[in-house]
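Participant: Got a sequence here, can you model it:
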Amino acid sequence: MTNSVKRAADILDSIAAEPKTVAQLAGEFELHRSTMFRELQSLEEVGFARRRHDGTYSPGFRLAVLGASALERIDLREAAHPTVLRLQREIGDTVHLAALVGEEIVYVDKVEDSGGVRMYSRVGSPVRPQCSALGKVILSGLDETRRDDLLAGVTWAPYTSRSITSRAMLDAELDAVARRGWAADDGEFEEIVNCIAVPITTPAGVVGALSVTSLRVVHDLDQLATRIPLLTRSAAVIARELG
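Facilitator: Numbering: from 1, shown residues only. This is a model prediction of the structure:
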């Protein structure tokens, strides 16, 4: 890899972590400001970086499109299915796998409860991002622009008395989810059902989520929460399979 290509990649990593000014980046990479400005101009010309209104630089939309295209070509279900099966056999409750595909979160795998309880969800159908553990844990790992895109079609109508009914309420919930590393659906879509989910995170970012779902009369939320360590370990195995 040439020095210029590596430096461009390192600059993109830096502004992906946090938008930065030319001066900040010049200091970080020990370059003259004019040299760093030329580097950023080149990245901006090809759509890999963009200058924001406050003068800072962040990743450009073309880079986001390329990244999304690469993620969509990863067969998450194929990589995850053996782990999903093992997890369901160990815990007994329904296990779901969801993937972030374009501007939707989609169910891509599901293994039903061993006792024969059937959930409403279907492989291939979209996840309701604002009232599902899977949706919330994926949203919590995205930047604001990407989050806006996924929530653009949400109407905020309540499904139950526990549903989140505004963007402000959801953002507060997502802050808590990001801090603790897992999300819950406490009867927010169906009063009788609850769910716990953890993210599947690769070096490219959040690509999906893994969850365990149960009827409330079988396992309450506190009981489901005891499965978080097992869910987290399983999500890590899936992430390693993806490479």
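
Participant: In this structure, what residue spans correspond to helices?
Facilitator: 3-17, 22-29, 33-45, 61-72, 76-91, 133-139, 144-151, 167-180, 221-225, 228-242 (DSSP state H).

Participant: The shortest one packs against which elements?
Facilitator: With contacts defined as 3 or more Cβ pairs under 8 Å, 6 or more residues apart in numbering; DSSP states H and E, the secondary structure elements packing on helix 221-225 are strand 183-186, strand 193-202, strand 205-215. (C-beta placed from N, C-alpha, C; glycine too.)

Participant: which other helices and strands contact the first one?
Facilitator: Helices and strands touching strand 183-186, by 3+ Cβ pairs under 8 Å, 6+ apart, are helix 133-139, strand 193-202, helix 221-225.

Participant: let's go with 10 Å and repeat that
Facilitator: helix 133-139, helix 167-180, strand 193-202, strand 205-215, helix 221-225 (3 or more Cβ pairs under 10 Å, 6 or more residues apart in numbering; DSSP states H and E).

Participant: average pLDDT across it?
Facilitator: For strand 183-186, the mean pLDDT works out to 94.

Participant: Turn the helices and strands packed on helix 221-225 into TSV, including distance to residue 229.
Facilitator: Formatted as TSV, the helices and strands packed on helix 221-225 follow (distance: least, Cβ to Cβ, whole Å):
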stretch	distance to residue 229
strand 183-186	15
strand 193-202	10
strand 205-215	12
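
Participant: so which of those gets nearest residue 162?
Facilitator: Each of those has some distance to residue 162 by Cβ to Cβ; the shortest is strand 183-186, at 5.7 Å.

Participant: Quick one: find the helix or strand in this protein with the lowest mean pLDDT.
Facilitator: helix 61-72 (a mean of 64; mean pLDDT, DSSP states H and E).

Participant: Looking at the helices of the chain, spot the one closest to residue 199.
Facilitator: Per Cβ to Cβ, nearest to residue 199 of the helices of the chain: helix 133-139, 5.0 Å.

Participant: roughly how far is the closest one from the heart of the chain?
Facilitator: 7 Å (Cα atoms, centre = their mean, to the nearest Å).

Participant: Alpha carbons of that helix, as CSV, please.
Facilitator: The C-alpha trace of helix 133-139 is given here as CSV (Å, rounded to 0.1, in the frame of the first residue of the first chain):
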residue,chain,number,x,y,z
ALA,A,133,-35.3,-4.4,20.6
LEU,A,134,-33.6,-5.4,17.3
GLY,A,135,-34.4,-2.0,15.7
LYS,A,136,-33.3,0.0,18.7
VAL,A,137,-30.0,-1.7,19.2
ILE,A,138,-29.1,-1.2,15.5
LEU,A,139,-30.2,2.4,15.6
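
Participant: That helix: which residues count as buried?
Facilitator: 133-139 (16 or more other Cβ atoms under 10 Å).

Participant: Counting by contacts, list what that helix packs against.
Facilitator: Counting by 3+ Cβ pairs under 10 Å, 6+ apart, helix 133-139 packs on strand 94-101, strand 104-111, helix 144-151, helix 167-180, strand 183-186, strand 193-202, strand 205-215.

Participant: Sketch out the low-pLDDT regions of the chain for me.
Facilitator: 1-2, 65-74, 114-119 (pLDDT under 70).

Participant: Grab the most central residue of it for me.
Facilitator: Centroid check for the chain by Cα atoms, centre = their mean gives residue 138 as the closest residue, at 2.8 Å.

Participant: Domains in the protein, by residue range?
Facilitator: Domain ranges of the chain: 3-69, 74-242, per automatic domain parsing.

Participant: Look at stretch 54-62 and report the distance between its end residues.
Facilitator: 21 Å (Cα to Cα, to the nearest Å).

Participant: Work out the gap between that stretch and the centre of the chain.
Facilitator: 21 Å.

Participant: can you list the residues that contact it?
Facilitator: 11-16, 18-25, 36, 39-40, 43-52, 66-67, 143, 145 (Cβ atoms under 10 Å, 6 or more residues apart in numbering).
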